[in-house]
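Colleague: Sequence plus predicted model, see below.
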Amino acid sequence: MNKTFSVINFGCRATQADGAAVEQSLRGLDLRESSSWRRSDVVVINTCTVTNTADAEARQAIRRVHRENPAAKIVVTGCYAQRSPEEVARIEGVTCVVGNSHKDQLARIAANYLGGPFPILRDGRAMTEGGAGVYCSSIFEIGPLRVIADASAGGRTRPVLKVQDGCSYRCSYCIIPSVRGNSRSLPSGEVVRQVRLLLDQGFREMTLTGIHLGGFGRDATPKESLADLVERLIGEERLERLRLSSIEPLEFGDDLIDLVAESPKLAKHFHVPLQSGSDRLLRLMRRPYLAEYYASLVGKMRRRVPDAAIGADVMTGFPTETDDDHAATVQLLEAAPVTYLHVFPYSRRPGTASADLHPEVNGKVSQHRGRALRELARRKNLDFRKSFLGRELSIITLGREYGRPAEALSTNYLKVQMDTGPTQANRILTARITGLTGEGLRGVPAESSPLQSMGA
Ligand code: SF4
């Protein structure tokens with residue numbers, strides 16, 4: 001077609017993986033990726049809607065692309081597009097809106113706006129007043145999960161493979177199930193095929209992700225499990241490292257923890273959302289566990305994998321959160337062996353169960369609590385990093401940007417600035433840790449097989 005495209009991604013790893021698949025499918029229709037959205041014929045904006053801020057960022061991006069590249073066809077997709085297609089379609093400059101329900105058709109829809117002759121399997125609705133097309137239907141009516149396009153790395157050294165979408169939980173604050181639908185998984189045979197395609201392209205480390213990764217395989221007949229899938233994947237000879245993204249506390253069974261502990265191919269990294277250390281709030285949030293369960297789970301992870309990264313998501317300012325609730329969260333996290341936190345403020349999402357909960361927490365109070373948790377995380381992360389000084393860690397090199405030192409990522413999720421050694425990306429090696437940087441470590445390649453190394 002000799003036309004060009006760009007994809008601008010927002011949001012979580014799963015959304016980024018969707019973006020990489022959209023890029024791949026656009027390439028499949030003979031469009032070329034442009035080095036800048038300012039010169040692209042079509043710009044896909046792949047949105048998130050998890051907070052008000054995420055919506056605002058998407059609107060800002062749409063306006064900016066339209067202002068700086070008025071000739072571009074702007075295709076808006078992702079979770080915000082699914083949640084409020086008409087609202088998005090009314091933004092000036094939008095050519096069409098493609099909800100998550102129609103994401104597998106996006107490349108064809110976009111190419112047709114450039115004169116392409118591609119039949120659309122599921123049609124869109126009428127154009128809006130402003131002329132933008134809307135391709136969106138109920139997310140609960142779409143069929144099983146399918147790959148949009150074969151796996152590609154989307155320019156990364158460590159590709160992300162989305163093996164599951166949607167969520168069958170109903171946390172009271174969360175808009176995700178209404179824009180991603182119930183949990184659906186790829187068949188494990190298809191996951192193996194995608195992993196092999198990435199291995200054929202020379203990738204060594206990859207991350208399995210999903211919206212509710214721990215629910216993988218429950219919708220399959222016969223049922224499958226994430227632990228079985230992981231075991232099957234680490235049997236792939238060429239795969240050197242597999243990383244698991246976020247898994248809900250009740251889904252981190254001993255089988256998975258044992259695999260992380262025992263397989264040198266699995267990254268020593270657990271990410272387990274907490275949200276709150278107050279049982280009262282966990283119930284209001286409709287999270288199916290208590291604080292004590294969480295504390296004992298991460299304690300077990302630390303005992304089984306002494307040097308593992310353990311990360312948690314924590315929310316501040318959930319409606320009715322008191323100082324005592326916040327103190328319970330701080331107390332739990334002070335005692336827990338977590339090494340990093342994702343702290344985020346509650347954002348009221350219309351249509352969720354918590355949207356009508358009162359009293360709301362004052363924004364300044366929520367921010368103050370967030371700062372306290374981030375400070376706690378900073379201290380814990382510093383102690384964790386210091387514990388590796390003079391030791392050795394298995395790393396994957398991430399390459400070097402012009403004028404900057406080469407970077408790498410350790411098996412236990414620490415950024416390592418490499419002062420010597422290979423500058424090209426995608427090499428797995430052992431580094432000796434020589435110092436600290438502002439947020440990571442400094443290292444050099446280890447010369448010989450170490451006694452103290454982990455994960456190599
Ligand atoms: S587990 Fe809860 S927070 Fe996570 S996607 Fe599902 S409903 Fe949302």
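Modeller: Done, it's in. Residues are numbered from 1 along each chain as shown.
Colleague: Got the domain ranges for the protein?
Modeller: Per automatic domain parsing, the domain ranges recorded for the chain read 4-141, 160-386, 392-445.
Colleague: how about a markdown table for these, with distance to Ile148 added?
Modeller: For every residue, glycine as well, the C-beta is placed using N, CA and C. Shown next, in a markdown table, are the domains of the chain (distance: least, CB to CB, whole Å):
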| stretch | distance to Ile148 |
| --- | --- |
| domain 4-141 | 4 |
| domain 160-386 | 9 |
| domain 392-445 | 24 |
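Colleague: In CSV: these, plus distance to the ligand and mean neighbour count.
Modeller: As requested, these are exported to CSV (distance: least, CB to the nearest ligand atom, whole Å; neighbours: other CB atoms under 10 Å):
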stretch, distance to the ligand, mean neighbour count
domain 4-141, 9, 20
domain 160-386, 3, 18
domain 392-445, 20, 18
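Colleague: need the ones you listed in TSV with mean pLDDT, can you?
Modeller: Shown next, in TSV, are these (pLDDT from 0 to 100):
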stretch	mean pLDDT
domain 4-141	89
domain 160-386	97
domain 392-445	94
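Colleague: all helices for the chain, in order.
Modeller: Along the chain, counting by DSSP state H, helices occupy 13-28, 52-68, 79-83, 85-89, 106-113, 176-180, 188-200, 226-234, 254-262, 279-284, 291-304, 323-335, 363-386.
Colleague: Save the ones you listed as a markdown table, and put in distance to Asp419 too.
Modeller: Shown next, in a markdown table, are the helices of the chain (distance: least, CB to CB, whole Å):
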| stretch | distance to Asp419 |
| --- | --- |
| helix 13-28 | 30 |
| helix 52-68 | 36 |
| helix 79-83 | 41 |
| helix 85-89 | 47 |
| helix 106-113 | 43 |
| helix 176-180 | 42 |
| helix 188-200 | 30 |
| helix 226-234 | 32 |
| helix 254-262 | 30 |
| helix 279-284 | 44 |
| helix 291-304 | 30 |
| helix 323-335 | 33 |
| helix 363-386 | 16 |
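Colleague: Of those, which is nearest Gly166?
Modeller: With CB to CB as the measure, helix 176-180 is the member of these nearest Gly166 (4.4 Å).
Colleague: May I have the closest one exported as CSV, CA atoms only?
Modeller: Presented in CSV, the C-alpha positions along helix 176-180 are these (Å, rounded to 0.1, in the frame of the first residue of the first chain):
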residue,chain,number,x,y,z
ILE,A,176,-11.5,-3.6,33.5
PRO,A,177,-14.0,-6.5,33.3
SER,A,178,-16.5,-4.2,31.5
VAL,A,179,-14.0,-3.2,28.8
ARG,A,180,-12.1,-6.5,28.5
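Colleague: Show which residues not belonging to that helix make contact with it.
Modeller: 49-50, 79, 82-83, 100, 139, 165-170, 211, 351 (CB atoms under 8 Å, 6 or more residues apart in numbering).
Colleague: now, among the residues you listed, which is nearest to Asp30?
Modeller: Nearest member of the contacts of helix 176-180 to Asp30, counting by CB to CB, is Asn100, at 25.0 Å.
Colleague: Now for the closest one: which residues touch it?
Modeller: Counting by CB under 8 Å, 6+ apart, the residues that Asn100 touches are Thr77, Gly78, Cys79, Ala81, Gln82, Ile139, Val179, Arg180, Gly181.
Colleague: For the first one, which non-adjacent residue is closest in space?
Modeller: Counting by CB to CB, 6 or more residues apart in numbering, Val98 is the residue found nearest to Thr77 once chain neighbours are left out, at 4.4 Å.
Colleague: Hmm, that neighbour is touching Val75, no?
Modeller: Yes: assessed by CB atoms under 8 Å, Val98 is found in contact with Val75 at 6.0 Å.
Colleague: For the two, list the residues in contact with both.
Modeller: What both Val98 and Val75 touch, as defined by CB under 8 Å, 6+ apart, is the set Leu106, Ile109, Ala110.
Colleague: Gly253 reaches Ala227, doesn't it?
Modeller: Yes: the pair Gly253 and Ala227 qualifies as a contact (CB under 8 Å) at a distance of 6.7 Å.
Colleague: thinking again about what came up before, now do the contacts for the residue nearest to Thr77.
Modeller: By CB under 8 Å, 6+ apart, the neighbours of Val98 are Val75, Val76, Thr77, Ala81, Gln105, Leu106, Ile109, Ala110, Gly124, Tyr135, Cys136.
Colleague: Let's see that with 7 Å instead.
Modeller: If you count contacts by CB atoms under 7 Å, 6 or more residues apart in numbering, Val98 has them with Val75, Thr77, Ala81, Leu106, Ile109, Tyr135.
Colleague: and which of the residues you listed is nearest Val260?
Modeller: Within those, the smallest distance to Val260 is 33.8 Å, found for Thr77 (CB to CB).
Colleague: Name the residues linked to that closest one by a beta bridge.
Modeller: Asn46, Val98 (DSSP bridges).
Colleague: That one and Val44 touch, don't they?
Modeller: Yes: at 6.2 Å, Thr77 and Val44 qualify as touching, with contact defined as CB atoms under 7 Å.
Colleague: if I pick the spatially closest residue to Leu297 that is not a sequence neighbour, what's in contact with it?
Modeller: Leaving aside its chain neighbours, Leu297 sits nearest to Pro249 (5.5 Å; criterion: CB to CB, 6+ apart). By CB under 7 Å, 6+ apart, the contact list for Pro249 reads Val272, Tyr289, Tyr293, Tyr294, Leu297.
Colleague: Put together TSV for the shared contacts of Val98 and Val75, with distance to Leu389 on each row.
Modeller: Listed next are the shared contacts of Val98 and Val75 as TSV, based on distance: CB to CB, whole Å:
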residue	distance to Leu389
Leu106	48
Ile109	53
Ala110	50
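Colleague: Let me know the closest of those to Ser366.
Modeller: Leu106 (36.0 Å).
Colleague: My guess is the closest one contacts Gly78. True?
Modeller: No: under the criterion of CB under 7 Å, Leu106 is not in contact with Gly78, lying 10.1 Å apart.
Colleague: follow-up on the earlier one: compute the distance between the residue nearest to Leu297 and Leu259, please.
Modeller: Pro249 sits at a distance of 17 Å from Leu259 (criterion: CB to CB, to the nearest Å).
Colleague: same deal with Gly131?
Modeller: Counting by CB to CB - Gly131 and Leu259 are separated by 53 Å.
Colleague: do the same with Leu281
Modeller: Here the criterion is CB to CB. By it, Leu281 lies 32 Å from Leu259.
Colleague: swap in Asn2?
Modeller: 48 Å.
Colleague: what about the closest residue to Asp41 other than its chain neighbours, neighbour count?
Modeller: Setting aside the residues directly before and after it, Asp41 is nearest to Lys3 in space (CB to CB, 6+ apart), at 4.2 Å. Neighbourhood size, Lys3 [other CB atoms under 10 Å]: 20.
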